[in-house]
Structures are given as structure tokens and as C-alpha cells.
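Engineer: sequence and predicted model, in that order:
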Amino acid sequence: MKSGGRMKNHFLSSLSCALFLALIGANPRIAPAADVTINWNDTRQEITGFGAGWENELGAFAMALPQAVRTQMMTMLFDSVQGIGLTYVRTHMPPDLLDASGTWNWNSTSGRIAGKAMDQVTLMQESQKAGATKFWAAPWAAVPMYKANAVYGGGGPILRSHYQDYANYMSRFIREYKTRFGIPFMGISVQNEPQFDPTYGGCPWTGADIRDYIRDYLYPTLKRDSVNISIIAAESNWSETQYIFPTVDDPNALKCLDIVAFHNYIGSTPFNYAKAINAGKQIWMSEISKSGRDDGYGAAGNYANQIWQNMTIGETSSWQYWWFYDGFKDNSGFIGPYENNQLVIKRLYWWIGHYSKFVRPGYRRITTTPSSTRAAGGGNVGISAYKYPSTGRFAIVVNNPDAGKPATSNTYHFNGVAPASVTPYLSTGENANQNMVKQADIPVVNGAFTYTVPNVSIATFVGQGTPVAVEDRPAIQRSRTLASAVQIPGGIRLRMQSPAAARAMLVDPAGKIVQYWTIKAVSAQVLPIPSLATGRVYLLRLTYANRSENVMLFN
């Protein structure tokens, strides 16, 4: 009897094993597929681009490269066809352009914290030529003569008596770089890491200081000088909210702020800053680097995982690394150093490229359910999806940094769109080293496809969905919540039967957001609009009570 029982149990185990292998395609290295839904019509933040920085002593390292090599590097970084299509360039605002006599020196050099200002200018110009489109600046050290003990770092904050002087300095820096060097800055940060005051260059600020400086000095000064750029703050870590909360919590300061930026260093986890998002502010992750000084596939997967967290949890519009070029040979850049007459291309370059090359500026994130699946080794497989509304092009990025076995397979179901196929691009460090290799098209059958992303790998699936239909008629259209909108000269009159605080945005035919508003909890109000081309249809998107709806408007 006991022997027969063992035979029966062995038979059942064998049968179960056979069924399991059949379900996974007779491959024990692949786990059963998990279901993921791509929600085509659940649209979230606009993506404005990815990037890194040319600043500090980095300029000297990059400028030491042979010109042909530097040109090659620029193409690889910024060209969206031959490279990975990075968009943003962050640079350092030199602290010594002006001396105590009132003389401006545009080719400044102040040692480690600034390097040669013209090195940075040259690198920005070459970046621009290669395809970079968005430049912004951040100070490390403040102007010494405005600080308590007149040193670049370790000297405490700027004296309040010099706040206006410092705002004047920032304004002229922006204007001169555009007219002298052709660098059109789109934004300026109040301070890089206001919580940090190293001896080589820094300037501590409190959250209240940042609020007052933006509201009472920097914003009015930029307006006075007709400098139309974004103000960025506070560039502390996600966990150090005390540096940004005072500005966002002050209505008068909040209207002066355009971009809320965080850094993502150790112990700092993205969170959904709903108050800033609902006020129409972009959220950025503006600096991260050197995860254990490791150039392995694991480190690349870690950064890709950080992007996934920032995009899906933090609803960031932009993710930016520290440096483009690794001059220090410590894996602090995408590319470099230059050894044996060739550039070293980091694995991080390819992993980040899965976002920057395929998720282009103007794409909007669309939700996935869930946003991650469990990997066999215990980690998460991060999933995020994006579409360009006016064309219907989309990208789904799936990052599997897990090193466990078996690999994770997912079935992706499209909700609200029916593409014919998807094209995968794969980077993997498992068994074969592949970098962004185009794979065979996968048919989408009954609105779904299945794919196994190998362990320690990342894949991006691109395809063609349905463009946003633009209804060619003027609309005074009632929404489901009994809100109505009609265009009037210079604005939009919005009426709400059930008044509630909300936010709204105006979207042009290309899917670009051209205006944000904070909606008051009143029955009738006028939303001022910028000067727009006539004869075009614009979309007014109203969001409140945790849902969004659209009202079509002629202009």
C-alpha cells in the first residue's frame, strides 16, 4: 500500500509538472505570465525629456578629448537617430562673473567648483549642434561677495541684504549667455542642494529663504528684465521636503515657481507631490549618480528602476543624471573615459537610452495595471507606458533588474487601443551582451501580446496606436460633471454646477500643454489664455475629484 501510494503521488507530481511546463512553453527558465493592462485613455504627466550636466571641473576633462572624439560623443548623447536623444543640458552658473569693482568677466575660472566658464559654453554649444534643445543652470557656490564671509563654500548663506544683488546677477547671467553665446536657458535653479555647504563650493538655504527669494526677488527681477524662463527649486533629496514645502504652501510664492526638482540619492524615495502637481507644476528628478561606482548591468538596472519609480510614483516630467562624461573614471557619467583611442560606453548609457530614445518630449505617460510584477528572484519588474497623443506612437518600457531564476514573462493587454504589432528593443546582460538590439515584430492578437524580458535586462516596445481625434467644430460642450466652457476674448469662461477646487490644462493639436490653471471652487470664473493661432482646435482638460475629462474649444 505504501509503495502504491508513493507511485500515485509520483504520477500526480509528474502530471502537475508536465502541465506547468506546458503552460510556460516547456521552458523551466520562464515563470508563468502575469497580466498587465495598458490603459490608453488614462493619461498622466507630460514627459519633457532626459539629460545630464556639463559643469564644474568636468569641462576640462571633456575639452581634453580630440575634437573628432568629442563630436562623436555629442552625436551619441543627443542625436535621436544615431544616439539616445537626450534633451536636457544642466550647467553650472559660475559664481565669479562679477568682481567687487563691478567688472564682468565672461571667461571666469574659480578652481574646482567652476572650472573654465568657456569650457562649459563650448560644451553647451556643441550639445546644441548635436540635438540638445533644453538648457538650464544651477549655482553650486554663490557669489562670494554676497555671502557672510565672502568665500565660495563653507561660508554660510547669502546675506539677505544682497538678495536683490543676487537676483540681478542671475538675470544678467541668463541674458548675456543668450546674446553672447547663443545659449537660450529655459530655466534656472535657486541652488543645487541647499542642504549642503562643502568647502569647495556651496551655499545653504532654508526653505523659508528659498520661498522669500523666489517670491520677492528672483521672480520680480526676471519679469522686470523680460526674462521668460522657468524658476526651479529646491534640488534637495526627495526626503528633504523642508526645502520646498514653504514655497509650495505659500500661494504667492507658488505662482512664481515653475518646476519642483528633487535629487534621488541614497535613502530618498519618490513620492506623489499632489499639491504641486495639482497646481500645474512640473516635477523633476534633477540629479543622481554613482550607485556604488559600479558599471555592471545591476547598476544600470538600478537606475532604470529609479526612473520607473520617479515616473510612476513621483509623476516626474524629466529624469536627469549628474554628468554626461566620466572624466574621473568612477562611473559618474554615461560615456567615458577615453582609453586606448576609444570612448568607453557605459551600460548605463544603453539602459537610460531605452527611455530617452523612445519616450520623446511631448509624450504623455499612460497608466499600467499593475505598474510592476514580481520577479522570481524577489525583485520588481518595473513597467511604464507612454504615448504621443497627436500621432498615436507609443512606448512601453519594462525593466527586469532581477538576477533570480526563472525569468519573468508578462502578457500585455491593451485597453482603449488596438495596435497591430509591437517592436521590441532589448538590452541584456544575461548570457549574451546586447545593447538596444531591435527584435522581430510581435503581432498583437486579440488586443494582447506576451513577452519574456530576460533577467538583468530592459526592453522597450514601440508601436502605433490611435491618434487623438480633433473634432473640427466649435464646442460649448457639457461635461459629465455639469461643467461647461466657452471661449471669450482673451480667455475661457468656465462654469461649474458643483463648484470644486480643480486644475485644468490647455493642449494644442500636437499634444503640447500650452497653459495650466488652478481652478477655484466657485461656480463661474475666467481662465486667461495666451495668444494662440486662430482657426485651431484646443483641448481643455479639467481634473478634479480624482478624475479627468475633456472639453473641446475653438480658438
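Structural biologist: Now that the structure is in, tell me what you want to look at.
Engineer: use CA for all of it now, contacts and neighbours both
Structural biologist: Fine.
Engineer: what about residue 252, distance to residue 412?
Structural biologist: Distance, residue 252 to residue 412, using Cα to Cα, to the nearest Å: 45 Å.
Engineer: now do residue 452
Structural biologist: 11 Å.
Engineer: mind checking which of these two has more residues around it?
Structural biologist: Applying other Cα atoms under 10 Å to residue 452 and residue 412 shows that residue 412 carries more neighbours, namely 21 against 17.
Engineer: just confirm the more buried one is within a helix.
Structural biologist: No: judged by DSSP: H, G, I helix; E, B strand; the rest coil, residue 412 forms no part of a helix; its state is strand.
Engineer: give me the three-state assignment for the closest residue in space to it that isn't next to it in sequence.
Structural biologist: Nearest in space to residue 412, with sequence neighbours left out and distances taken as Cα to Cα, 6 or more residues apart in numbering, is residue 36 at 4.9 Å. Following three-state DSSP, we place residue 36 in the strand state.
Engineer: again with residue 367
Structural biologist: Once three-state DSSP is applied, residue 367 turns out strand.
Engineer: burial measure for it, as a count.
Structural biologist: 20.
Engineer: on that earlier part again, quick check: the residue nearest to residue 412 vs residue 448, distance?
Structural biologist: Distance from residue 36 to residue 448, counting by Cα to Cα: 9 Å.
Engineer: how about residue 458?
Structural biologist: Taken as Cα to Cα, the span from residue 458 to residue 448 is 20 Å.
Engineer: more crowded one of the two?
Structural biologist: residue 458 (29 against 21).
Engineer: so in that sheet, which strands flank the strand or helix carrying that one, and in what orientation?
Structural biologist: For residue 458, the host element (DSSP states H and E) is strand 457-464. Next to strand 457-464 in the sheet, as set by DSSP bridges, lie strand 393-400 (antiparallel), strand 421-428 (antiparallel).
Engineer: what's the first one in contact with?
Structural biologist: Under the criterion Cα atoms under 8 Å, 6 or more residues apart in numbering, residues 301, 304-305, 354-355, 358-359, 375, 380-388, 408, 453-467 lie in contact with strand 393-400.
Engineer: as CSV, could you dump the C-alpha coordinates of it?
Structural biologist: Output in CSV follows, covering the C-alpha atoms of strand 393-400 (Å, rounded to 0.1, in the frame of the first residue of the first chain):
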residue,chain,number,x,y,z
ARG,A,393,3.0,56.4,-31.3
PHE,A,394,3.7,54.6,-28.0
ALA,A,395,6.5,53.1,-26.0
ILE,A,396,6.2,50.6,-23.1
VAL,A,397,9.4,50.3,-21.0
VAL,A,398,9.9,47.1,-19.0
ASN,A,399,12.9,46.8,-16.7
ASN,A,400,13.9,43.5,-15.1
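Engineer: what is the burial count for the residue nearest to residue 412?
Structural biologist: 20.
Engineer: coming back round to it: rounded mean pLDDT for the strand holding residue 458, please.
Structural biologist: Per-residue pLDDT values over strand 457-464 give a mean of 97.
Engineer: now that strand: how far from the chain's centre is it?
Structural biologist: 18 Å (Cα atoms, centre = their mean, to the nearest Å).
Engineer: quick check: what element follows it along the chain?
Structural biologist: Following strand 457-464 in sequence, per DSSP H and E, is strand 483-488.
Engineer: next, the buried residues of the following helix or strand past that next one.
Structural biologist: For strand 483-488, the following helix or strand on the C-terminal side (DSSP H and E) is strand 491-496. Applying a neighbour-count criterion of 16 or more other Cα atoms under 10 Å, one finds 491-496 buried in strand 491-496.
Engineer: hmm, which of these is lowest in pLDDT?
Structural biologist: residue 496 (73).
Engineer: from residue 455, how far off is that one?
Structural biologist: 51 Å.
Engineer: now do the contacts for the spatially most central residue of the chain.
Structural biologist: Nearest to the geometric centre of the chain sits residue 318, at 1.5 Å (Cα atoms, centre = their mean). By Cα under 8 Å, 6+ apart, residue 318 lies in contact with 47-50, 283-286.
Engineer: equivalent analysis for residue 254, please.
Structural biologist: 247-248.
Engineer: phi and psi next, for it.
Structural biologist: Dihedral pair for residue 254: phi -60, psi -40, per degrees, to the nearest 10.
Engineer: try residue 311
Structural biologist: The phi/psi pair for residue 311 (degrees, to the nearest 10) is phi -70, psi -40.
Engineer: before we move on, what about residue 83?
Structural biologist: When read as degrees, to the nearest 10, the backbone of residue 83 gives phi -130, psi -150.
Engineer: buried deepest among the strands paired with strand 457-464, which one?
Structural biologist: strand 393-400 (a mean of 26; mean count of other Cα atoms under 10 Å).
Engineer: for the record, mean pLDDT for it?
Structural biologist: On average, strand 393-400 scores 97.
Engineer: go on, stretch 200-211?
Structural biologist: On average, stretch 200-211 scores 94.
Engineer: please apply the same query to stretch 184-196.
Structural biologist: Stretch 184-196 carries an average pLDDT of 96.
Engineer: how about stretch 252-269?
Structural biologist: If you average the pLDDT over stretch 252-269, you get 93.
Engineer: how long is it end to end?
Structural biologist: OK, stretch 252-269 end separation, Cα to Cα: 28 Å.
Engineer: ok, back up a step: PyMOL command to pick out the buried ones of the contacts of strand 393-400?
Structural biologist: A single PyMOL command selects the buried members of these (16+ other Cα under 10 Å):
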select buried, resi 301+304+305+354+355+358+359+375+380+381+382+383+384+385+386+387+388+408+453+454+455+456+457+458+459+460+461+462+463+464+465+466
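Engineer: coming back round to it: will you turn the buried residues of strand 491-496 into TSV that also has distance to residue 234?
Structural biologist: What follows is these, written out as TSV (distance: Cα to Cα, whole Å):
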residue	distance to residue 234
491	32
492	33
493	34
494	33
495	36
496	35
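Engineer: does the residue nearest to residue 412 touch residue 385 like I think?
Structural biologist: No: applying Cα atoms under 8 Å as the test, residue 36 and residue 385 come out as separate, 11.1 Å apart.
Engineer: joint contacts of the two?
Structural biologist: residue 368.
Engineer: now do the helices in the chain.
Structural biologist: 2-23, 58-63, 67-78, 117-130, 163-181, 207-213, 219-224, 245-249, 251-254, 274-278, 297-312, 347-356 (DSSP state H).
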